[in-house]
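Chemist: Just the structure for this:
(2 chains)
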There are 2 protein chains.
Amino acid sequence: MHIEFKPWEILDRNLFLSARPWFEVWRERVRLPDGRVIPDYYQLVVPDASVVVAITPEQELLTLRQYKHGAGATIWGLPAGFCKNNEHPMDCAQRELLEETGYQAQRWVALGTYVRDANRGGGAVHAFLALNARKVAEPNSDDLEEYRMQCLTMVELLGLIRRRQIKPLGVIAAVLLAHLYLEDQNGAIPGMEGLA
Amino acid sequence: MHIEFKPWEILDRNLFLSARPWFEVWRERVRLPDGRVIPDYYQLVVPDASVVVAITPEQELLTLRQYKHGAGATIWGLPAGFCKNNEHPMDCAQRELLEETGYQAQRWVALGTYVRDANRGGGAVHAFLALNARKVAEPNSDDLEEYRMQCLTMVELLGLIRRRQIKPLGVIAAVLLAHLYLEDQNGAIPGMEGLA
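Modeler: Sure thing, here's the model as predicted:
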């Protein structure tokens, strides 16, 4: 058994800023287990998001070369997006993959639910593996950002990570999660053996 | 050469919310390369942070079992924290490792600079590898959160990732970055060969 600490007690919380549908900032007054009261612990409320590691029958991974304003640069990403309204994370993953790349996958695996920022909150991130992904349509995304899909082998993608060219932590994490799952299934894809 | 898209043009920006020293929210009016103007693209400004993968002479990794209010639970983390004022990220990493664990390391390797959220911004994350980390003092952290340090082998840590027990994306990413660096140095640590 791993140690579990007592959660902080939320004494009250006020909406400090609303920038819906993108995010809200809440100011919480919290009591720590030692009795101290913190009057202003801020939490971000952001919709959940899904991110997809999609692999083609040729064992290539679908990546996006995209401008991202938070990075202020063109960076490498994966198909991903926010869950709309009460959309199930898997539905969101399938919709985003289709919209952003025009691909559909034969088999989907949920790789777990994660946090982007353990201090401020800011929305869960659901990671998915999409196997046997094939092109069925043209991309049709309403994203503001310009992007271009690019198929990379795992060796190429790990090479980019090694050279520190992949900037979003969530993308790097999703690659490791996908690899570990595939390894456990004895289905490591060509190039992935290069990870060791 | 990889494709580079034109950055968005920031027409003006206003401080929408200040919760210093923790974060600020800026509302930007931006012009996309296709000419469209978005009146309200929000950016978070958060201090940079450093995160440390520290490895002992016994090839164990220093992890923290800690309550994190953004996750609302006790989770696994790594020594990490915000860069204070104009502190260099490496100085921050060394300070946080010493404060949170009481350990100092013989050799430090910068593993690159990353983004937590490529859409909203929200502070760069600098990843470091700390080799030959040894205990030199008692932990002395002013963190609000309760935590306990725990030494794990790489096999144990990867097992936790496999079982989806490690929630912060940045922690999972840092483990892969550390592994790839060590592999490239022909210095993969015991247990790491289990990654393939």
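
Chemist: Quickly note the distance from the residue nearest the centre of chain A to chain B.
Modeler: Closest to where the C-alpha atoms of chain A average out (Cα atoms, centre = their mean) is residue A:51, at 3.9 Å. Plainly put, residue A:51 is 9 Å away from chain B if you go by Cβ to the nearest Cβ, to the nearest Å. C-beta coordinates here come from the backbone N, C-alpha and C atoms, glycine included.

Chemist: Double-check that that residue belongs to a strand.
Modeler: Yes - the assignment for residue A:51 by DSSP: H, G, I helix; E, B strand; the rest coil puts it in a strand.

Chemist: Okay, buried residues for stretch A:125-145 please.
Modeler: A:125, A:126, A:127, A:128, A:129, A:130, A:131, A:133, A:139, A:141, A:145 (16 or more other Cβ atoms under 10 Å in any protein chain shown).

Chemist: CA atoms only for the biggest helix by length in chain A - export them in PDB, please.
Modeler: With DSSP state H setting the assignment, residue counts place helix A:169-184 as the longest helix in chain A. The C-alpha trace of helix A:169-184 is given here as PDB (Å, rounded to 0.1, in the frame of the first residue of the first chain):
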ATOM      1  CA  LEU A 169       5.200  17.100 -22.300                       C
ATOM      2  CA  GLY A 170       1.900  15.400 -23.100                       C
ATOM      3  CA  VAL A 171       3.100  14.300 -26.500                       C
ATOM      4  CA  ILE A 172       6.300  12.800 -25.000                       C
ATOM      5  CA  ALA A 173       4.300  11.100 -22.300                       C
ATOM      6  CA  ALA A 174       1.800   9.600 -24.800                       C
ATOM      7  CA  VAL A 175       4.600   8.100 -26.800                       C
ATOM      8  CA  LEU A 176       5.900   6.300 -23.800                       C
ATOM      9  CA  LEU A 177       2.400   5.100 -22.700                       C
ATOM     10  CA  ALA A 178       1.800   3.700 -26.200                       C
ATOM     11  CA  HIS A 179       5.100   1.900 -26.200                       C
ATOM     12  CA  LEU A 180       4.600   0.300 -22.900                       C
ATOM     13  CA  TYR A 181       1.200  -0.900 -23.800                       C
ATOM     14  CA  LEU A 182       2.400  -2.400 -27.100                       C
ATOM     15  CA  GLU A 183       5.300  -4.100 -25.400                       C
ATOM     16  CA  ASP A 184       3.000  -5.700 -22.900                       C
END
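
Chemist: so where's chain A uncertain?
Modeler: The model of chain A has pLDDT under 70 over residues A:186-196.

Chemist: does residue A:62 have beta-bridge partners, and which?
Modeler: Legend: beta-bridge partners of residue A:62 under DSSP bridges are residue A:151.

Chemist: my bad, should have said residue A:31
Modeler: The bridge-partner assignment for residue A:31, based on DSSP bridges, gives residue A:9, residue A:37.

Chemist: what about stretch A:69-83, distance to the chain center?
Modeler: Here stretch A:69-83 is found 10 Å from its chain centre; the criterion is Cα atoms, centre = their mean, to the nearest Å.

Chemist: All the helices of chain A, residue numbers only.
Modeler: Using DSSP H, helices in chain A cover A:89-101, A:154-162, A:169-184.

Chemist: what residues go with each domain of chain A?
Modeler: Domain assignment of chain A by automatic domain parsing yields the ranges A:9-45, A:49-185.

Chemist: So which of these is the most surrounded?
Modeler: Comparing those by mean neighbour count (mean count of other Cβ atoms under 10 Å in any protein chain shown), domain A:49-185 comes out on top with a mean of 20.

Chemist: end to end, how far does that one reach?
Modeler: Domain A:49-185 has its terminal residues 26 Å apart, counting by Cα to Cα, to the nearest Å.

Chemist: same check, this time on stretch A:117-137
Modeler: End-to-end span of stretch A:117-137 (Cα to Cα): 35 Å.

Chemist: check whether it contacts chain B.
Modeler: Yes - counting by Cβ under 8 Å from any Cβ of the partner chain, chain B is contacted by stretch A:117-137 at A:117, A:118, A:119, A:120, A:121, A:122, A:125.

Chemist: Skipping its backbone neighbours, what lies nearest the second one in space?
Modeler: Right, the one you point to is residue A:118. Leaving out its chain neighbours, the residue that sits closest to residue A:118 by Cβ to Cβ, 6 or more residues apart in numbering or on different chains is residue B:68, at 3.8 Å.

Chemist: show me the residues around that neighbour that make contact.
Modeler: Contacts were defined as Cβ atoms under 8 Å, 6 or more residues apart in numbering or on different chains; by that measure residue B:68 touches A:115, A:118, A:119, B:74, B:75, B:77, B:145, B:168.

Chemist: ok now do the last one, which residues does it touch?
Modeler: Meaning residue B:168. Applying Cβ under 8 Å, 6+ apart to residue B:168 gives the contacts A:114, A:115, A:116, A:117, A:118, B:68, B:71, B:75, B:76, B:77.

Chemist: Please report how far residue A:132 lies from residue B:143.
Modeler: According to Cβ to Cβ, to the nearest Å, residue A:132 and residue B:143 sit 46 Å apart.
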